[in-house]
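A.B. asks: How does the following fold in three dimensions:
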Amino acid sequence: MAQLTRDDVLKKYQAGESLAKSELKEIDLNGCDLQGIDLSGADLQDANLAGANLQNANLQEADLRGANLIGANLERANLAKADLRWTNRKGASFRKANLKGAQQDKTSGYRPGERWIP
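C.D. replies: Residues are numbered from 1 along each chain as shown. The predicted structure follows:
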């Protein structure tokens, strides 16, 4: 499957299409309003989701390793079995989100062996 762009994602979202299992590595969706979007099983490694509204989104089994989630709204999102390792979650809201089985670490924003600069 080809890598989608920000415009592709927004068009599909506005058309009500599912983006399940989409290839979205390193995509910049900073500040986008994507309430209720279906990103289940999507590859969102190193994506920029800072300030994005992902309220009620389906991110079940999504790969979010290294994603920037600073200030993102993930309230009531389904993150069951999602991979949240090495994400920067500063200021993100996970209120009432389903995190059952999600992979998490205690770091915030860097991978082992990388130098972290706040």
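
A.B. asks: I'd like the distance between Gln35 and Leu29.
C.D. replies: Distance of Gln35 to Leu29, computed by C-beta to C-beta, to the nearest Å: 13 Å. From N, CA and C alone the C-beta is placed, and that goes for glycine too.

A.B. asks: With Asn98 instead?
C.D. replies: Separation of Asn98 from Leu29 (C-beta to C-beta): 21 Å.

A.B. asks: More neighbours: Gln35 and Leu29, which one.
C.D. replies: Comparing Gln35 with Leu29 by other C-beta atoms under 10 Å, the one with more neighbours is Leu29, at 25 against 16.

A.B. asks: I figured that one was touching Gly51, is that so?
C.D. replies: No: if you go by C-beta atoms under 8 Å, Leu29 and Gly51 don't touch, sitting 9.4 Å apart.

A.B. asks: now stretch 72-82: how far from the chain's centre is it?
C.D. replies: How far stretch 72-82 lies from its chain's middle: 8 Å, per C-alpha atoms, centre = their mean, to the nearest Å.

A.B. asks: Can you list the buried residues in that stretch?
C.D. replies: Residues of stretch 72-82 classed as buried by neighbour count (16 or more other C-beta atoms under 10 Å): Ala72, Asn73, Leu74, Glu75, Arg76, Ala77, Asn78, Leu79, Ala80, Lys81, Ala82.
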